[in-house]
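In: From the sequence below, what's the structure:
(2 chains)
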Amino acid sequence: MILQAAAFYLFASIVIAAGVMVIASRNPVHSVLFLILAFFNAAGLFVFMGAEFLAFILVIVYVGAVAVLFLFVVMMLNINFAELRQGFLQYLPVGMLVGVILLVELVFIIGTWVTAPEAAGLLAAKTPALAEVTNTEALGRVLYTKYVYLFQAAGLVLLVAMVGAIVLTLRARPGVKRQKVFDQISRTRDDAVEVKDVPVGKGV
Amino acid sequence: MTTWIPSQMTAALPEVFLAIATMALLMIGAYRGNSHTRTIGWFAVAVLLVAGGLVAGTAASPGSAFGGMFVADTFARFAKFLVLIGSALAVVLSVAYIEREEMARFEYPILFLFATIGMMMMISANDLIALYVGLELQSLALYVAAAFRRDSLRSSEAGLKYFVLGALSSGMLLYGASLVYGFAGTTSFTGIAKVLATGTGNTGALVGLVFITAGLAFKVSAVPFHMWTPDVYEGAPTSVTAFFAIAPKIAAMALFIRVLVGPFAPLTAQWQQVVVFLAVLSMALGAFAAINQTNIKRLMAYSSIGNVGYMLVGLAAGTEAGVRGVLIYLLIYLAMTAGTFACILAMRVHGRAVEELDDLKGLGRTRPAMALALAVFMFSMAGIPPLAGFFGKLYVFLAAVQAGMYVLAVFGVLASVVAAFYYLRIVKLMYFDEPADTFDRLLGREIGVVLTVTGLFIAFFFVFPAPMLAAASAAAKSLFPG
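Out: The predicted structure is shown next:
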């Protein structure tokens, strides 16, 4: 029990510290790296809650795809972050005010949270008890049966997105030298070498 | 694990067939390259027609599939048939055009097919998630189609504008859907209708409904969510604009009807106010804003906004007769729009596409057949009997009067009188002005065939309308059980 609590506080404090560093670090590349650290530790927290599927997804999708994309963007786009930070202090009071209002609203909402007693019975797909099946299995049970239509349709949406990305960005550029293995190995001496008879003393 | 068995899939057979055929064509295109665009285009037309045959033939018994998320009733069959015909016409009109405009890439018909699958899923959606996924499949393909000519600034701008505003509207729709889910406790349309009928949580669901309505109004381009329409219609390649004006409008309108009349039937009195508001504004803007347009594509954009207004009049009635009126209107709108865009695609001078109204001057003397067809469409859009457009308006206004909405019906008639001005101005330009440059010969036979078929349909609809009216009645009836 002690060990669990210690691990929880370790992960949680790293998430918060990394989160602060994301907005505090001067170098945007460092920000993205701290973001990745925050994702990893949040994934650890999910494992503690028994939500191992969310933990996988967080690592695979957010770290593997989204954060790497961010990294590409900050490295390839030449954004002047010093300029973006100008006026930070000037807007700080307004920002703090908005933050405090949001916090108060959240407290009000959570303080008066009620759930209709019938709500649990209306769930489209009831969650099985955690002791019986892991939640990855529980998701798999409905994803390929009850929700197969939506699963396939989402696949079609992704296919369209891929086709669209290719249509809008792929262009055949002339003059690009590509490696053509077959052409290269089927070259013979006759194609490549020309013997010239150079007269003595005249040069080529 | 009893929720899904293959035999249930027969209800979704047209969609499954269309999806598999589209992916097969995508493979052919990927291996054969852009030189086979024309072949793939004609294959796409064949696939759409076969799917239309499947819709008309197999789903004789209404059924639902995939745990009730997908429903294939008579209403869905009617709307899907219209969408498939509309998409097929759009591909037919595009084939020669994209070659002439040097944008013939094999993805073009493939994107149209994907969008069509999305539209069919929208029409058959019986669940909020299914609705959203279908809508996104359709929209995503359309965003890409709008920006298809990526070297053109206007086309890219149209695509970007459509994408950003479309994403915004999807966000609103999702927010509304989440509220409805939160208050009703289920995403299934059948379940929502049941919960709302008990009268608990209706206020919250109503807020959600308003957001869903806003999202859908964007998709059908009803005022005040119409801002994107003129710019996207003008900027997108003309053949893509033709597609935009025909098929997605039908699908989005059918979805609009299904959502409001199905799960939200217990809130009819509340959503009627919203729909009346949308209808009045759309009719007014469609009538007045089009008067000053000089570009025929922009003119058609405002005209389509106005037409959506008339359709919403039928929906606002909230009765079986109203839905029947909207379905008949959609059928006639399909033919009128396809025909008009066939004319616009034929507007070429010296090998270059032109789209100004002044280019139509004297068409009656230089190209009498095309001028006659365009005149038929314009008279029909203006609602002059005995052309088909008159009957479309007649049935929606009749439904509004029967539902006791006299003011709305009178307003609709007045708006269509104003709109008649700019439709008739085109006829005047063609027959009473000095000829401008003569148009080039038609590209291929397709445009001529489409013009003839749609023109004859519009001109002689009144002779034998019974089968279409009966089909629309049966379709509307399936939405109102008991």
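
In: Run through the residues of chain B sitting next to chain A.
Out: Residues of chain B found near chain A (CB under 8 Å from any CB of the partner chain) are B:1, B:3-4, B:12, B:19, B:23, B:26, B:65-67, B:69-70, B:105, B:107, B:110-111, B:114, B:117-118, B:121, B:129-130, B:133-134, B:136-137, B:140-141, B:143-144, B:147-148, B:150, B:159, B:185-188, B:191, B:195. Where you see a C-beta, it was placed from the backbone N, CA and C, and this is true even at glycine.

In: Quick check: the gap between the residue nearest the centre of chain A and chain B.
Out: Nearest to the geometric centre of chain A sits residue A:66, at 1.9 Å (CA atoms, centre = their mean). Note on residue A:66: its distance to chain B, by CB to the nearest CB, to the nearest Å, is 18 Å.

In: Name the next helix or strand downstream of the helix or strand bottoming out on mean pLDDT in chain A, please.
Out: Least confident helix or strand, chain A: helix A:81-85 with a mean of 69, by mean pLDDT, DSSP states H and E. Scanning forward in sequence from helix A:81-85 by DSSP states H and E, the next helix or strand is helix A:88-111.

In: Poorly predicted segments of chain A, please.
Out: Across chain A, the ranges flagged by pLDDT under 70 are A:79-82, A:85, A:115-128, A:130, A:204.

In: meant to ask about the stretch 201-350 of chain B, not that
Out: B:201.

In: what about the strands in it?
Out: Ranges of strands in the stretch 201-350 of chain B, per DSSP state E, counting those that start in this stretch, are B:348-349.

In: again with the stretch 351-482 of chain B
Out: B:352-353.

In: Which other helices and strands does the longest helix anywhere in chain B contact?
Out: When chain B is parsed with DSSP state H, its longest helix is helix B:153-184. Secondary-structure packing of helix B:153-184 (3 or more CB pairs under 8 Å, 6 or more residues apart in numbering or on different chains; DSSP states H and E): helix B:128-146, helix B:189-198, helix B:202-220, helix B:228-235.

In: Centre of the chain to the shortest one, how far?
Out: Which is helix B:228-235. Helix B:228-235 sits 15 Å away from the centroid of its parent chain (CA atoms, centre = their mean, to the nearest Å).

In: report the angle between the axes of that helix and helix B:153-184?
Out: Here helix B:228-235 runs at an angle of 150 degrees relative to helix B:153-184 (axes from the mean of the first three to the mean of the last three CA atoms, to 10 degrees).

In: and if you look at the third one?
Out: Counting by the same axes, to 10 degrees, helix B:202-220 lies at 160 degrees to helix B:153-184.

In: Then the second one?
Out: For helix B:189-198 and helix B:153-184, the angle between their directions (the same axes, to 10 degrees) works out to 50 degrees.

In: Give me the neighbour count for residue A:180.
Out: 9 (other CB atoms under 10 Å in any protein chain shown).

In: same check, this time on the one 4 residues further on
Out: Applying the criterion other CB under 10 Å, we find 8 residues in the vicinity of residue A:184.

In: do the same with residue A:106
Out: Residues near residue A:106, counting by other CB under 10 Å: 10.

In: Chain B versus that one, what's the distance?
Out: Taken as CB to the nearest CB, the span from residue A:106 to chain B is 17 Å.

In: And that residue, how far from residue A:92?
Out: According to CB to CB, to the nearest Å, residue A:106 and residue A:92 sit 21 Å apart.
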